[in-house]
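>>> what follows is a protein structure lacking sequence information:
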DNA sequence: CCGATACTAGACAGATCTGTCTGGTATCGT
DNA sequence: ACGATACCAGACAGATCTGTCTAGTATCGG
């Protein structure tokens, strides 16, 4: 049911990620999704609503991907970093959707930015849990570091700098 | 001489950095700079020209700032990281202008993106030189790591995450 | 003094943006 | 069968975007 909404959200996800949020207009999304304008505004009350749906869906999707990574403790942490490095080497990789969105929404007190904060907080909690599970000392500063390395990997990967990505992964594993 | 051009470039620097490039229009820049539209297009042949001038000027400015950091080898490296962490804690800090611009220009084969690549290559070379000066082994992967940490620090700082910033600085110093 | 250059104000064109509205068709639950 | 919901096509309003143009003033080097 409601395949028009799915089509719009899928198209928006693809275009927003590949070309940026502000550069992609509603007209472009509905044309690519083959949906009438009235239908679009029936499902989303504004463009910002669509942007939030895009990020919220991406959030859920990434949670699903990382939740599915097997293992425990440091093994699982290493597997997650390996997956991140792998994704960041892919041809369609254009950086982290959340960091890219944050760059387009400079005001920190904004729904989009709050979602970005939530996403990073979730990732940090995930890392901290694995460190605790592995009985590593100082899980808090180490979780902060892993979050910063994750940010750096997505940035460097988006710019095509695989050397920096690999350096980040190696260091993260050596330091936790 | 030509204070109108300086006024435009200064205003554009302020607005582009604080609010993003695509969200700030030419009309806004010329109004804030108190400059006639014809004068703007006399000095800059297009908005893209202004964007490139903004980034090129910022590049030169940052080179000047880091060139002025005293010391040699690892001391100088530590001082540069300390300055970066300090700047990233400031109230007006909104991340790295180059990474923010890259997020708004997804096409890698673009003058803006080439400038971003140049900037990161310069920073990497600077780091590598300091490592060589200090006779550290493996300067290349370590320079890659320092570049990635720099990216992460500017991102985390722009998002107000000082814990991650501090973790990045500590790790970088511990690992080189 | 004169020609080039820098500057002012603002109208204008043409495109594009978000969002609304009209008007009609199809599907689905009850 | 019927009302609500989902969908279509596309016009429209009003704002905003980049870039050009007219028309005139001020400054400055030679």
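Yes, it's here. Every value quoted in this text rests on a predicted model; they were computed, and no experiment measured them.
>>> select the longest helix from chain A.
helix A:111-133 (DSSP state H).
>>> quick one: that helix near DNA strand C?
No: on the criterion Cβ under 7 Å from any atom of the strand, helix A:111-133 is out of touch with DNA strand C, staying 13.3 Å away. The C-beta positions use only the backbone N, C-alpha and C, and glycine is treated the same way.
>>> distance from the chain centre to that helix, please.
Mean C-alpha position of helix A:111-133 versus that of the full chain (Cα atoms, centre = their mean, to the nearest Å) differs by 11 Å.
>>> if you count contacts, what does that helix end up packed against?
For helix A:111-133, the elements it packs on are helix A:47-67, helix A:73-88, helix A:97-104, helix A:139-158, judged by 3 or more Cβ pairs under 8 Å, 6 or more residues apart in numbering or on different chains; DSSP states H and E.
>>> buried residues in that helix?
For helix A:111-133, the neighbour count (16 or more other Cβ atoms under 10 Å in any protein chain shown) marks A:112-113, A:115-117, A:119-120, A:123-124, A:126-128, A:130-131 as buried.
>>> average pLDDT across that helix?
The average pLDDT for helix A:111-133 rounds to 98.
>>> now that helix against helix A:139-158, angle please.
120 degrees (axes from the mean of the first three to the mean of the last three Cα atoms, to 10 degrees).
>>> contacts for helix A:111-133, please.
With contacts defined as Cβ atoms under 8 Å, 6 or more residues apart in numbering or on different chains, helix A:111-133 is touched by A:48, A:51-52, A:55-56, A:59, A:62-63, A:66, A:72-74, A:76-77, A:80, A:98-99, A:101-102, A:105, A:107, A:139-140, A:142-144, A:146-147, A:150-151, A:176, B:159, B:161.
>>> what do you get for stretch A:79-87?
Residues contacting stretch A:79-87 (Cβ under 8 Å, 6+ apart): A:65-66, A:69-71, A:93, A:126, A:150, A:153-154, A:157, A:165-166, A:168-169, A:172-173.
>>> buried ones in that stretch?
A:80, A:81, A:84, A:85.
>>> what residues does chain A put near DNA strand C?
A:25, A:26, A:27, A:28, A:37, A:38, A:41, A:45, A:46, A:47, A:48.
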